[in-house]
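J.: Predicted model and sequence below, questions to follow.
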Amino acid sequence: MEPVIVIEHLCKRFGPNIVLDDFNLVVRPEENVVVLGKSGVGKSVLIKCIIGLLRPDSGRVSVLGQNVPDLGHDELDRLRAKVGFLFQSNALYDSMTVRKNLEFPLRRHWIEISQDKVDAMVMEALENVGLAHTIDEMPEELSGGMRKRIALARTLILKPEIILYDEPTTGLDPVTGKEISTLIVEIRKKYHTSSIIISHDMHCVKLVSDRIAVLVNGKCHAQGTYEELGSSTDREVKQFFE
Amino acid sequence: MPAPEKSNIKLGLFVLAGAFLLILTLYMIGKNENMFGSNFALKARFKNVNGLISGNNIRFSGIQVGTVKGIALIDDTTIEVTMLVATKMKPFIRKNALASIGTEGLMGNKIVNIQPGEGRAPEVAEGDLLANQKATNMDEMLGTLNKTNENIEDFSEGLKIAVRRVNNSTALWSVLNETSLAPNLKASLANISQATAHADAMMNDLRTLIAGVKGGQGSVGALLTDTSFAHSLQEATARIKTVGDKAGGLADELTKMTGDIRRDIDSGTGTVHALLKDSSMVRKLNASLDNVQKGTAAFSEDMEALKHNFLLRGYFRRLEKQQKNAGQSP
Amino acid sequence: MIPSAKFRRFLGEAGELSAFAGRFFSQAPRPRFEWEELARQCYTIGYRSFPLVGLTGFIMGLVLTMQLRPSLVSYGVDSQLPVMVGVAIVREIGPVITALIFAGKIGSSIGAELGSMRVTEQIDAMEVSGTNPFKYLVVTRVVAATLMLPVLVILSDAISLYGAYIGVNIRSVTSFSLFFRQIFDSLSFGDVLPAFIKTFLFGFAVGMVGSHQGYHSSKGTEGVGRSANSSVVISSILIFIIDLVVVQVTDLLGLN
């Protein structure tokens, strides 16, 4: 099968800091790829390049057959409707209720949608994360885990083909973290999505990963399944599994 | 966040309130500047507009009727002011109305005053040129005031010199310091005062008498035939004579006294000035002199009146050939 | 050298702000205008500021009247108090004080709101949700501030004048109609229009500076606080600079 994401020779620097240096990665359909790396090595930069929030200095970022840096504004918007993004800080709009938060991407991407359809989709997305009762609450009234699940529901509402998770379990307690990890697995089963998951939480990584890419010094240092990398003797890889 | 519709209603109210106030303000100002309603133009020419500018108010007999539209220099001495006046005021403004430039309050904006002219005239038409009137101008008023001030300055300068001279005269001060002189002078002044008061009283008597004669002019003949009256009149005139003599003596006495004072002082430059220094004495002396003067003046006036009366009487006598001993000319 | 570094930073800030304004003008006229969000912002920025602006306006009118009275009395022209206060409020004090209050309330709230949206990635989230965050967040706020401040200033002027009317009546008596007649008789278009036009500029400056500071807020809660703070400082200074420029321009145009 045709891979959904192909990253070739991706380079990105901020001033003198080289964040990504000739990075290569391929994601196949219905595959959960974890990008493992220490804080501040540019994992977020990688997925922001994929969604087009950042523009790479050089290299190709091909998503669903389209090279993201070459896309115009409208094409990029159409592509983004098929790619979900779960932000590390959830990025729930704190001036809006949960319902409005979920409606926002729907109304933005599908302008001609009817109110009944919107309501149905909002309910479905909330039920998927088990938080239908919070529909009229403000994000600030919810706990961290609930907010993460609302954010996930908002990502899911457009039924994306690809979901990019930016540290989905960071800042959560281990139990909630496990719940989120389970959700990620369930979502893949239910919607047949392909994902890139950025994390350094090894419990989460173990649960969700089909394949792991280790990002060191801006390069894809090693690739393999959890078990393969777990038995690796490479010093850089080994430190994550200790 | 309230329901969107409710907030939109509030927002609408808010914006409309602002827009309403803005339009109201602009309308009120526009009304003041005669932008709405119909107007007609009037012109007036002045030699000097004293800083009048476009937009200044026009008042007709004190009522706001329009604004100045334009000011143009016609030649080196003529400035033409074009005024926009509300059409509704047209029937009240006549062709002979007078325009003048004035000021709102003491230091306010310049205005054009239109005053109705004297007599009748047809009502003004569009573009008429009104005659102008020289207005009381603040600058000119100030000019006059300046002249007055200069006069006062001259005057006070003179006064200053006089006072300085008085102050510098040691002789004068010595006179004033002489303790014996003052009581003497005071006593004599009291005498003079008394005498002249006396004289004055007599004068008054005589004056009433003569006024009676004068007042009874219509029946003067009848009065003069009355011998008892003639007798008292004769007595009166005799008394007047003595008073006149006394007054003459009084004047002599006064002269003598001033002479004495002059001698006392030695250097005679400032006798009068010296007296002027002591205010109470001066007041008394002045009053006395005034009385004497008044007395003598009144006396001579009375004499004149009498004389006239006797001439009159002579005229009657010649007419009627009667009553030869009615009185004698003094 | 420190001064030159500071000066370069100042120039950099000025340049960034100008570029931001340029981005505003290039993006604002493009289609898909966020009308709904604009109305919401107008409500928040305009209507919600009204109580504060109204209260300060009222107090200002009252206090100004009471402060001016003694000096007018000493010239014997206290009957001109309404004229003096009216011209002062309409021409200068109303617009500038209202704009400063507005900068304090709205400038800081825009700075903090956009700053926290930037820090918590809400701006990025909007972008991936098929929304141009610049148009959705910045253009609507700048336009709302530009349109709402003039409305606020007009209402605040009216309330100030009412405060002045009460201020006059504390020590003497004047009728409502005489008071406003005196004021309107003394006002001309040259007083009202430049004052009105400059309020749009003030509103634009407050919206622009607040949005710029917030939109380019640096990471962390400290960055949000700094954005709010510098929004108020910079927009307050800009208000005075604009005021200075406008008075020069109206003077040149002979509108004074």
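T.: All right, it came through fine.
J.: For the rest of this, base every contact and every neighbour count on C-alpha atoms.
T.: Fine.
J.: all strands for chain A, in order.
T.: A:5-14, A:17-27, A:32-36, A:58-63, A:66-67, A:83-86, A:162-166, A:194-199, A:211-216, A:219-224 (DSSP state E).
J.: Residue of the stretch 51-200 of chain C nearest chain A, please.
T.: Across the stretch 51-200 of chain C, no residue is closer to chain A than residue C:122, which sits at 4.3 Å (C-alpha to the nearest C-alpha).
J.: Enumerate every residue touching that residue.
T.: Contacts here follow C-alpha atoms under 8 Å, 6 or more residues apart in numbering or on different chains; on that basis residue C:122 touches A:91, A:92, A:93.
J.: which residues touch residue 22?
T.: If you meant another chain, say so; for now it's chain A. A:8, A:9, A:10, A:11, A:59, A:218, A:219.
J.: hmm, I had chain B in mind actually
T.: residue C:154.
J.: what about chain C, any weak spots by pLDDT?
T.: Applying pLDDT under 70 to chain C picks out residues C:1-3, C:255-256.
J.: Return the residues in contact with the residue in chain C positioned nearest to chain B.
T.: Closest to chain B within chain C is residue C:151: 4.9 Å, counting by C-alpha to the nearest C-alpha. Residue C:151 makes contact with B:14, B:15, B:18, B:19, C:46, according to C-alpha under 8 Å, 6+ apart.
J.: Go ahead and report the secondary structure state at it.
T.: When classified by DSSP: H, G, I helix; E, B strand; the rest coil, residue C:151 comes out as helix.
J.: quick one: buried residues of the helix or strand hosting residue C:222?
T.: Using DSSP states H and E, residue C:222 maps to helix C:221-252. When burial is assessed from 16 or more other C-alpha atoms under 10 Å in any protein chain shown, helix C:221-252 yields the following buried residues: C:223-236, C:238-239, C:242-243, C:246-247, C:250.
J.: One more: stretch A:225-235?
T.: For stretch A:225-235, a neighbour-count test (16+ other C-alpha under 10 Å) marks A:226, A:229, A:230 as buried.
J.: likewise stretch C:168-177?
T.: Quick answer for stretch C:168-177 (16+ other C-alpha under 10 Å): residue C:168.
J.: How far away from the center of its chain is that stretch?
T.: Counting by C-alpha atoms, centre = their mean, to the nearest Å, stretch C:168-177 is centred 30 Å from the centre of its parent chain.
J.: hmm, it touching chain B?
T.: No - judged by C-alpha under 8 Å from any C-alpha of the partner chain, stretch C:168-177 and chain B are separated, with a smallest distance of 12.6 Å.
J.: End to end on that stretch, go ahead and measure it.
T.: This stretch, stretch C:168-177, spans 13 Å end to end (C-alpha to C-alpha, to the nearest Å).
J.: Need the contact partners of that stretch.
T.: Residues contacting stretch C:168-177 (C-alpha under 8 Å, 6+ apart): C:65, C:66, C:81, C:82, C:165.
J.: now the second one, what's its secondary structure?
T.: Secondary structure, three-state DSSP: residue C:66 is helix.
J.: Give me the neighbour count for it.
T.: For residue C:66, the count of nearby residues is 19 (other C-alpha atoms under 10 Å in any protein chain shown).
J.: isn't it right up against residue C:163?
T.: No - with contacts counted by C-alpha atoms under 8 Å, residue C:66 stays clear of residue C:163, the gap being 10.3 Å.
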